[in-house]
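Colleague: I'd like to go over a predicted model; first the sequence, then the structure.
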Amino acid sequence: MTAPTADERQTARPSHLTATFVRLKLSLLRNGLRQSAGRRAAYLASVVLTLLFAALQLLGLIVLRGNEHAATLVVLLAAVLALGWTFMPLFFPSGDETLDATRLVMLPLRPRPLVRALLVSSLVGIGPLFTLCLAAGSVVALAHGTAAVLTGLAALALTLLTCVALARTVASANLRLLSSRKGRDLAVLSGLVIAVGIQVVNFGAQSLGRAGGLDALDPVAAVVRWIPPASALAAVDSVSQGSYGTGLLQLALCAALLAALIAYWQRSLTRLMTTPDGSTLQAAEPTRARARAHGLSRFLPADRTGTVMERTLRYVWREPKTKAAWVTSLAIGLIVPLFNALQGTGSVYFACFAAGMLGILMYNQFGQDSSAFWMVAQTISTPRDAYTELRARGLALAVITIPYSVLVTTLTTAVIGDWRTLPEALGLSFALLGAMLATGFWCSARFPYSIPQEGYKNVAPGQAGLAWISIFGGMLAATLLCAPILAFTIWLHAAGHAPLAWLLLPIGTVYGWAVARLGLHFSAPVAAARLPEILVAVSKG
């Protein structure tokens, strides 16, 4: 048996490399599932939900076959799908370990075989399967005739490969950013994007209903059908109608984009794997950070209260999961009342949602410290120390929440145009904030839980029950604490004393302050007595 020549080894190497990368991707999935039963359950549940949603999408597209608006819907769905593939790596950079090609930098791999192997291995996963189902349903909905079916097969392959190539190209081009701490903070925008996206879809659906249905989308689809990868699926519709030249041009556009993406991806990999990491060049960053901190300290008390407030506000700005929670709460607190007001179905009282969303952040205050809570525990020796610690954390939250609640309430009132109800809405917001601060103090001391530093989970395994009790039990208790103010508001309107509703602003403000002070008074001794238990609970992540 003779040894293979150099040409034979060179010819066999790319296919062998591709098979190796596919096995590597499968091994990563398998080993990830072996880490814990919870991770297996979450992955299997996501697979089942994705397959169920994909099956429903597939059936819905098949039912559209022959509908006059089938092409419009298919083209727009393909465009939305491509946008998702393009931007998801920016918001969830840790979702796929194989996105980081720098792990292969020490291996003797050439860019072209590496790109081919990475592209094929990228087809393994839940996302590609969902895309395949949607593309297959789109082809079934649009293909009429043998030529259209053959075009549909080519369109299906081009759509899937283009979506995957988009994700890979964006990830490779921004890998240095995504692997840095500031880059990982991009993930905090995911909550904002999802919240805005849901409201935009809801608002758009209602607008379409008023505009007479999908006819309003036909002009948009006429433009999008020439943008890859939607153009590949639009080619199926063009061939079905006998426009073979148009269909061929639309397929060629998608193929050209795919070739351009692969070429750019290859150049990005070459540059990425041959250029040193310049992340250490930010030598002046600590100096700038100290300058910013000094500027913040000037506005805070020069005692323990100011120190704790500064530390808490720094967590909001620097700690990724704390920042994610704040961004999401700020976004939803504004979007829900404002969008409902814009749709004509809202009320000024919906502005209380802002105070409620930010008030939830008071729960589990010690969980964000994680194992570093031992340093905080060392500074607490009496209930008075615990009182000061909790009060400062509540003040840090109030510094942001109070002006934000005023802003949201004012904007909502301006959209609705009922300025008479502004004072009572603000009073209810302040009363709700005070009640949530009170229950937040208690839950932080009595039901602390750990927040894992890595991954997407916000609760350590085995502590889900504590999180449910803390958040939902606290919200229920806060609602009960607000019952007197709610009853007084209802009585004013039911008894015909609506002109006196402005009294709710001072009454609600004083009531919120008193309830928060009372909750702090009862929670501080509990926190001081349970320091070891709190440290154990928050250190599990």
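Modeller: Nice, thanks for sending it over. Model, not experiment: these values are computed from the prediction.

Colleague: Is the spatially closest residue to residue 502 that is not a sequence neighbour in a helix, a strand, or coil?
Modeller: Once flanking residues are discounted, residue 502 sits nearest to residue 423: 4.2 Å by Cβ to Cβ, 6 or more residues apart in numbering. To be clear about C-beta, it is placed using only N, CA and C from the backbone, and glycine gets the same treatment. The three-state assignment at residue 423 reads helix, by DSSP: H, G, I helix; E, B strand; the rest coil.

Colleague: what's near enough to touch residue 423?
Modeller: Listed by Cβ atoms under 8 Å, 6 or more residues apart in numbering, the contact set of residue 423 reads 501, 502, 504, 505.

Colleague: now these as JSON lines including distance to residue 124?
Modeller: Below are the contacts of residue 423 laid out as JSON lines (distance: Cβ to Cβ, whole Å):
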{"residue": "501", "distance to residue 124": "61"}
{"residue": "502", "distance to residue 124": "63"}
{"residue": "504", "distance to residue 124": "59"}
{"residue": "505", "distance to residue 124": "59"}
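
Colleague: Specify which member of those residues is nearest to residue 41.
Modeller: residue 504 (47.1 Å; Cβ to Cβ).

Colleague: Any idea how many residues pack against residue 122?
Modeller: By the criterion of other Cβ atoms under 10 Å, residue 122 has 24 neighbours.

Colleague: doesn't residue 168 make contact with it?
Modeller: Yes. The criterion here is Cβ atoms under 8 Å, and residue 122 meets it with residue 168 at 6.1 Å.

Colleague: shared neighbours, these two?
Modeller: Counting by Cβ under 8 Å, 6+ apart, nothing touches both residue 122 and residue 168.

Colleague: helix or strand for the residue nearest to residue 497 when sequence neighbours are not counted, which one?
Modeller: Of all residues not flanking residue 497 in the chain, residue 491 sits nearest, at 7.8 Å (Cβ to Cβ, 6+ apart). Assigned by DSSP states H and E, residue 491 belongs to helix 483-494.

Colleague: what's that helix in contact with?
Modeller: 424, 427-428, 431, 497-498, 500-501, 503-504, 507-508, 511.

Colleague: continuing past the lowest-mean-pLDDT helix or strand in the chain, what's the next helix or strand?
Modeller: In the chain, no helix or strand scores lower on mean pLDDT, DSSP states H and E than helix 285-297, which sits at a mean of 51. Next along the chain after helix 285-297, taking DSSP H and E as the criterion, comes helix 304-318.

Colleague: Tell me how far that next one lies from the chain's centre.
Modeller: 24 Å (Cα atoms, centre = their mean, to the nearest Å).

Colleague: same thing with stretch 310-323?
Modeller: 17 Å.

Colleague: do stretch 369-388 as well
Modeller: So, by Cα atoms, centre = their mean, the centroid of stretch 369-388 is 32 Å from its chain's centroid.

Colleague: May I have it as CSV, with CA atoms only?
Modeller: Output of stretch 369-388 as CSV, limited to C-alpha atoms (Å, rounded to 0.1, in the frame of the first residue of the first chain):
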residue,chain,number,x,y,z
ASP,A,369,-23.0,41.2,45.0
SER,A,370,-22.5,37.5,44.6
SER,A,371,-19.6,36.0,46.7
ALA,A,372,-18.2,39.6,47.1
PHE,A,373,-21.0,40.1,49.7
TRP,A,374,-18.5,39.0,52.4
MET,A,375,-16.9,42.4,52.1
VAL,A,376,-20.2,44.1,52.7
ALA,A,377,-21.0,41.7,55.6
GLN,A,378,-17.7,42.7,57.3
THR,A,379,-18.9,46.3,57.5
ILE,A,380,-22.2,45.3,59.2
SER,A,381,-22.1,44.7,62.9
THR,A,382,-25.3,46.2,64.2
PRO,A,383,-28.9,46.7,62.9
ARG,A,384,-28.0,50.3,62.4
ASP,A,385,-25.3,49.4,59.9
ALA,A,386,-27.7,47.2,58.1
TYR,A,387,-30.3,50.0,58.1
THR,A,388,-27.8,52.4,56.5
